[in-house]
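Colleague: whatever this is, show me its structure:
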Amino acid sequence: MRIGILGAAGYTGGELIRLLVNHSEAEIVFANSESNAGNLVADVHEGLYGDTDLRFTTAMPFGQVDVVFCCFGHGKSEAFLKEHPIPAEVKIIDLAQDFRIKGSRPYPNAATVGEFPAPTPESHDFVYGLPEINRSLIAQAQHVANPGCFATCIQLGLLPAAQMGLITNDVSVNAITGSTGAGQKPGSTTHFSWRNNNLSIYKAFSHQHVPEIRQSLEQVQGALTASIDFIPYRGDFARGIFATQVVKTDKPIEDIVAGYKAFYKEAKFTHYVDKALDLKQVVNTNKCLVHCDKVGNKLLVTSCIDNLLKGAVGQAVQNMNIMFGIDEQAGLHLKPSAF
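Modeller: Predicted coordinates for the structure are as follows:
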């Protein structure tokens, strides 16, 4: 698979290159970065010394690749694709939020390039790339919208409950993320002296990933009237997301656990665990781990992922593997940084 990477100098771009240089079926044709053109990739992503002599480039030879990864910030993918037509045969995996909500934004080149049917308010050319519920659609897709990091972790915690029809009351969600979730560009809440030994809340009840979560829960449960009351936290660590979700239900815990295990029986990277979780079990892997406890009528679901891998580029590579019909786990056999 010949690969082009757009926005290759950020955290997600660096993580993606790290995976792809060790992927037996992948060849990186270009890594695009306007600000770093001509520089060695390893001089920016220093963990890649000795792994690649690739240089960043302003060139974008779309005719020479099979798939393009868009690693832009949110809102930039849609604008870029309006200005830069990509051949119809080239697959696109977008890591921003621009095309995740079904029907809201069809592929913007559709009307102008003439390679796709003209968009209508009902059409949507991107498949939502959560393999645990959309694997067959991803396998047929030309364009995939990779899910958000919080959205991935929280959905994977709640989807089996949705399949059992348990989400009928408002759900309380708390999740804490590492500093890499804010991107590579320094900000007032990401530099070390502020983040270290600190904790804070942001975008309470209004985080941009909530519509994604609702969309998938509705897809699985059939309808969702309950509120998803999500409070995100900034953590004083670099990577990972740890989430708790409280669902009110009278269903016995034994039946719930059986339902969770059945839901993820065929999943390659999402696993139900019979004991309490900790974050280091998933950091530096493409795994999501899920665990359930119950007290009275309160079901407590815990889920955790690495925000840069299962929450971003690991899932993107997983989607690429599915799109090209190869082993879903190719290039993703990673060692957790447990110690």
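
Colleague: tally of neighbours for residue 270?
Modeller: Using other C-beta atoms under 10 Å, residue 270 is surrounded by 25 other residues. In short, each C-beta sits where N, CA and C put it, glycine included.

Colleague: residues contacting residue 56?
Modeller: 8-9, 31-33, 36-41, 44 (C-beta atoms under 8 Å, 6 or more residues apart in numbering).

Colleague: which one of those residues sits closest to residue 289?
Modeller: residue 8 (29.7 Å; C-beta to C-beta).

Colleague: my guess is the closest one meets residue 34, correct?
Modeller: No - using C-beta atoms under 8 Å, residue 8 is not in contact with residue 34, being 10.3 Å away.

Colleague: what ranges do the strands span in the stretch 201-339 of the chain?
Modeller: 228-234, 241-248, 270-272, 288-295, 298-305 (DSSP state E, counting those that start in this stretch).

Colleague: need these in CSV with distance to residue 214 and mean pLDDT, can you?
Modeller: Shown next, in CSV, are the strands of the stretch 201-339 of the chain (distance: least, C-beta to C-beta, whole Å; pLDDT from 0 to 100):
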stretch, distance to residue 214, mean pLDDT
strand 228-234, 6, 96
strand 241-248, 13, 98
strand 270-272, 20, 98
strand 288-295, 19, 98
strand 298-305, 16, 98
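
Colleague: got the ones you listed as CSV, with distance to residue 217 columns?
Modeller: As requested, the strands of the stretch 201-339 of the chain are arranged in CSV below (distance: least, C-beta to C-beta, whole Å):
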stretch, distance to residue 217
strand 228-234, 8
strand 241-248, 11
strand 270-272, 16
strand 288-295, 15
strand 298-305, 13
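
Colleague: can you tell me the SS state at residue 73?
Modeller: Following DSSP: H, G, I helix; E, B strand; the rest coil, residue 73 is assigned to coil.

Colleague: ok, the one 5 residues further on next?
Modeller: Three states are possible here, and by three-state DSSP the one that applies to residue 78 is helix.

Colleague: can you tell me the closest non-neighbouring residue to it?
Modeller: residue 98 (4.3 Å; C-beta to C-beta, 6 or more residues apart in numbering).

Colleague: quick check: which element contains the one you found?
Modeller: Assigned by DSSP states H and E, residue 98 falls within no helix or strand.

Colleague: surely residue 5 is in a helix?
Modeller: No - counting by three-state DSSP, residue 5 falls outside a helix, being strand.
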